[in-house]
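Q: build me a model:
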Amino acid sequence: MKIFIPMAGKGTRLRPFTLTCPKPLLKIIDKPIVEHLIDQITSKLTTPVDEIIYILGDEGYFNSDVVKSLTSISDKYNAKTKVYRQLDQLGTGHAIMCAEESLEGPSIIAYADTMIQGEISIDPDADGIIWVKKVENPSSYGVVNLDKDGNISSLIEKPKDYISDLAVVGIYYFKDISLIRDELKIHLSEKLSPGKEYLLNFGIERMIDNKKIFKSQEIETWMDCGTPKLLIESAKKIMMKNADSDINSSFAKEGVVKINHPVFIGKDVKIKDSEIGPYVSISDNVHISSSSIKSTLIYTGAKVSNADIENSIFGAYSVYNGSSKEVFLGDYSQINDNEDN
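A: Model prediction:
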């Protein structure tokens, strides 16, 4: 089994946290978003994953350190690493075809801004599987339409009229991914109209037209990490799922410190006269003093003092001394609202 992970975008909706770090490598609790995704997929599969293929953007942003980090993640799952580049953002189908020479055999495509919780199983009778989640507002999503036998008959992007409430979450299985490679090759030979893209859905719909069977499989939880607020909400869901096994190293305490679980604390953390939690993730080498913090992500080396905050993110090595209720502070940034402290 192969896993293809397209991740060539620069995560502009998550700035400033993605200015120097690609979105899939932003950590939630103890590991990056993309590792949470791989972990969820591999933990449910009965077939071992032999290779993970990452489709990255230009080397200026997705540099050698990024490749090294991704290789390290693959190694944890005893999988080989292969890297391709998508230098022009021409759509999902184009992204997959950037890895054309690897497109053969049983494979999963998983978009790196998605995290899930729930069942991942392979139906041996299906030519493909699309994982879905029921949503209240299907007109905001791409949805699947099912025929009388429960097979996928079509894919509809943001339908104006109700067709289905099963939204596509961005994870797909192909019994033999070379079939969609051949369909996408035809698609990419066509000239694009202005504003259009080469879409993965084109290949899937052509396979369905050719009598290939696609099944849908509903997952328990779908987490989008596209914006700072969505990232926080996704982190909360992961913390809730792991509330009985909090990842807490020993940390240095001074004065009165209260921890309201779930709280996840990294190495060499110092907390003084503060109340932390619930739903707080603290990375390594963070210092916190005289603060009350809830529903917040604090990245490596940050210093937070005199704060009463929730629903916030502090970037790596940021410094914050203030009392605002909600803060999004980028890496190496500094805010001092309490000049006298």
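Q: can we go C-alpha only for contacts and neighbour counts from here?
A: Will do.
Q: what pairs with the helix or strand residue 271 falls within, parallel or antiparallel?
A: For residue 271, the element it lies in under DSSP states H and E is strand 270-276. Note on strand 270-276: by DSSP bridges, its sheet partners are strand 252-259 (parallel), strand 287-289 (parallel), strand 292-298 (parallel).
Q: immediately after that strand, which helix or strand?
A: Using DSSP H and E, the helix or strand that follows strand 270-276 in sequence is strand 280-282.
Q: related to what we said a few turns ago, now render the strands paired with strand 270-276 as a markdown table, adding distance to residue 109, mean pLDDT and mean neighbour count.
A: Output for the strands paired with strand 270-276, formatted as a markdown table (distance: least, C-alpha to C-alpha, whole Å; pLDDT from 0 to 100; neighbours: other C-alpha atoms under 10 Å):
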| stretch | distance to residue 109 | mean pLDDT | mean neighbour count |
| --- | --- | --- | --- |
| strand 252-259 | 39 | 92 | 13 |
| strand 287-289 | 39 | 97 | 23 |
| strand 292-298 | 28 | 95 | 24 |
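Q: please report phi then psi for the residue nearest the centre of the chain.
A: In the chain, the residue lying closest to the centroid (C-alpha atoms, centre = their mean) is residue 113, at 3.2 Å. Recorded main-chain torsions at residue 113 are phi -100, psi 10, according to degrees, to the nearest 10.
Q: hang on, isn't it packed against residue 33?
A: Yes. With contact defined as C-alpha atoms under 8 Å, residue 113 reaches residue 33; the gap is 7.4 Å.
Q: quick check: neighbours shared by those two?
A: 23, 24 (C-alpha atoms under 8 Å, 6 or more residues apart in numbering).
Q: below-threshold pLDDT in this structure: ranges please.
A: Residues of the chain meeting the criterion pLDDT under 70: 242-249, 338-341.
Q: mind listing what residue 174 touches?
A: Per C-alpha under 8 Å, 6+ apart, neighbours of residue 174: 106, 107, 108, 127, 128, 129.
Q: now it: how far from residue 128?
A: Shown here: residue 174 relative to residue 128, a distance of 4 Å by C-alpha to C-alpha, to the nearest Å.
Q: and residue 289, how far from residue 329?
A: Relative to residue 329, and taking C-alpha to C-alpha, residue 289 is found at 17 Å.
Q: and what of residue 217?
A: 38 Å.
Q: who's more crowded, those two?
A: residue 329 (23 against 18; other C-alpha atoms under 10 Å).
Q: report the contact partners of the more buried one.
A: 16, 313, 314, 315, 318 are the contacts of residue 329 under C-alpha under 8 Å, 6+ apart.
Q: next: residue 97.
A: Listed by C-alpha under 8 Å, 6+ apart, the contact set of residue 97 reads 181, 184, 185.
Q: circling back to that earlier point, by neighbour count, which of the contacts of residue 174 wins?
A: residue 128 (26 neighbours).
Q: wait, doesn't that residue sit right on residue 178?
A: No. Here residue 128 lies out of contact with residue 178, judged by C-alpha under 8 Å, at a distance of 12.0 Å.
Q: and for the nearest residue to residue 90 once chain neighbours are set aside, the neighbour number?
A: With C-alpha to C-alpha, 6 or more residues apart in numbering as the criterion, residue 90 has its nearest non-adjacent residue at 5.3 Å, and that residue is residue 197. Residues within reach of residue 197, counting by other C-alpha under 10 Å, total 16.
Q: ok, residue 197 - contacts?
A: When contacts are counted by C-alpha under 8 Å, 6+ apart, residue 197 touches 90, 91, 92.
Q: kindly report the same for residue 24.
A: 7, 32, 33, 34, 112, 113.
Q: now for the last one: which residues touch it?
A: Applying C-alpha under 8 Å, 6+ apart, one finds that residue 113 lies in contact with 7, 23, 24, 33, 34, 224, 225, 226.
Q: reformat these as CSV; add distance to residue 42.
A: Below are those laid out as CSV (distance: C-alpha to C-alpha, whole Å):
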residue, distance to residue 42
7, 19
23, 21
24, 17
33, 14
34, 12
224, 19
225, 20
226, 23
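Q: going by distance to residue 146, which of the residues you listed wins?
A: The closest of the contacts of residue 113 to residue 146 turns out to be residue 224 (C-alpha to C-alpha; 24.4 Å).
Q: apart from its neighbours in sequence, what residue is nearest the closest one?
A: residue 114 is the one closest to residue 224 (C-alpha to C-alpha, 6+ apart), at 5.4 Å.
Q: for burial, what's the neighbour tally of the one you found?
A: A count of neighbours around residue 114, defined by other C-alpha under 10 Å, yields 20.
Q: would you agree it is in contact with residue 221?
A: No. Under the criterion of C-alpha under 8 Å, residue 114 is not in contact with residue 221, lying 10.5 Å apart.
Q: before we move on, back to that, tell me the one of the contacts of residue 24 nearest residue 302?
A: Minimum distance to residue 302 across those is 17.7 Å, recorded for residue 32 (C-alpha to C-alpha).
Q: distance check, the closest one against residue 101.
A: Residue 32 is 27 Å from residue 101, where distance means C-alpha to C-alpha.
Q: so between these two, which is more surrounded?
A: Per other C-alpha under 10 Å, whichever of residue 32 and residue 101 has more neighbours is residue 32, with 17 against 10.
Q: so what's that one up against?
A: Residue 32 touches 24, 25, 26, counting by C-alpha under 8 Å, 6+ apart.
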